[in-house]
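Engineer: Provided below for reference: sequence and predicted model.
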Amino acid sequence: MTVGPPGVGTRDEDREESDARVIARSRDEPELFAVLYDRYADAVHRYAARRLGPEAAEDLMAETFITAFQRRHTYDLERADARPWLFGIATNLVGRHRRAEARRFKALARLPEPVEHEEPVADRAVARAGATGVRRELAAALGGLSARHRDVVLLVAWAGLDYEEAAQALDVPVGTIRSRLNRARSKLREALGGSDPTAFREADAHA
């Protein structure tokens with residue numbers, strides 16, 4: 001599959017179909033898989049950029065969709081929404097760059113001022129914590145989390161997945177997501193002096 005720009009191979013009627021239906025059709029009509037790219041490429045790119053930086057984001061986003069295309073015949077068509085699947089692939093790919101991610105968070109923690117391309121990363125964190133310096137502190141705190149705890153907290157905070165969706169993305173039970181998220185938030189609060197910039201609304205997480 002060649003990943004092209006958003007909109008390639010997209011028809012008006014495709015926009016009304018579930019992701020699962022698009023994937024099912026793409027098994028016989030491969031070009032239709034571009035509909036998923038059109039729907040989610042920007043979101044996956046933002047997620048990748050926040051974790052690895054803008055330089056690596058383009059390649060990781062493209063690799064996510066190439067991998068998804070190659071695995072489309074194994075997709076569970078009972079799941080109408082493909083976002084957890086796509087973000088799970090992206091997260092697994094991020095896993096190949098753990099050292100680079102850790103170095104990135106450490107570097108951000110040392111920045112005297114937030115750099116321009118980091119603007120979206122902690123907007124909600126700043127609003128909730130009420131402190132202008134939380135970005136550097138948050139980067140340091142995230143860098144101190146284990147890989148599995150960081151994956152969960154960022155899938156919920158930055159990818160916008162709920163508990164069930166995060167469980168699908170990581171292929172673990174929902175209880176594991178709850179446990180890891182609780183531990184991650186506890187560690188973040190401790191590192192941030194009591195502030196919790198990832199305080200998610202329980203209703204959003206379908207607790």
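Structural biologist: Great, that's in hand.
Engineer: end to end, how far does stretch 68-84 reach?
Structural biologist: 12 Å (C-alpha to C-alpha, to the nearest Å).
Engineer: Show me what that stretch is in contact with.
Structural biologist: If you take C-beta atoms under 8 Å, 6 or more residues apart in numbering as the criterion, stretch 68-84 is touched by 1, 18-24, 26-27, 30, 33, 36, 40, 43, 85-86, 89, 159, 161, 165-166, 168-169. Yep, even glycine has a C-beta here, placed from its N, CA and C like the rest.
Engineer: Swap in 6 Å and give it another go.
Structural biologist: 1, 18-20, 23-24, 26-27, 33, 86, 89, 161, 165, 168-169 (C-beta atoms under 6 Å, 6 or more residues apart in numbering).
Engineer: Now name the helix or strand holding the most far-flung residue of the chain relative to its centre.
Structural biologist: Here the centre of the chain is the reference, and by C-alpha atoms, centre = their mean the most remote residue is D28, at 28.7 Å. Under DSSP states H and E, no helix or strand contains D28.
Engineer: separation between it and A57?
Structural biologist: Going from D28 to A57 by C-beta to C-beta, to the nearest Å gives 32 Å.
Engineer: can you tell me which of the contacts of stretch 68-84 are in helices?
Structural biologist: Among those, the residues falling in helices (DSSP state H) are D19, A20, I23, A24, S26, L86, I89, E165, Q168, A169.
Engineer: Now tabulate those in TSV and tack on distance to L142.
Structural biologist: TSV is the format used below for the ones in helices among the contacts of stretch 68-84 (distance: C-beta to C-beta, whole Å):
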residue	distance to L142
D19	29
A20	33
I23	32
A24	37
S26	35
L86	22
I89	21
E165	20
Q168	23
A169	18
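Engineer: pLDDT at the residue nearest to the spatial centre of the chain, what is it?
Structural biologist: Residue closest to the average C-alpha location in the chain (C-alpha atoms, centre = their mean): A159, at 3.7 Å. Looking at A159, its pLDDT stands at 93.
Engineer: which SS class is it?
Structural biologist: coil (DSSP: H, G, I helix; E, B strand; the rest coil).
Engineer: got the contact list for it?
Structural biologist: With C-beta under 6 Å, 6+ apart, A159 has these contacts: Y47, F87.
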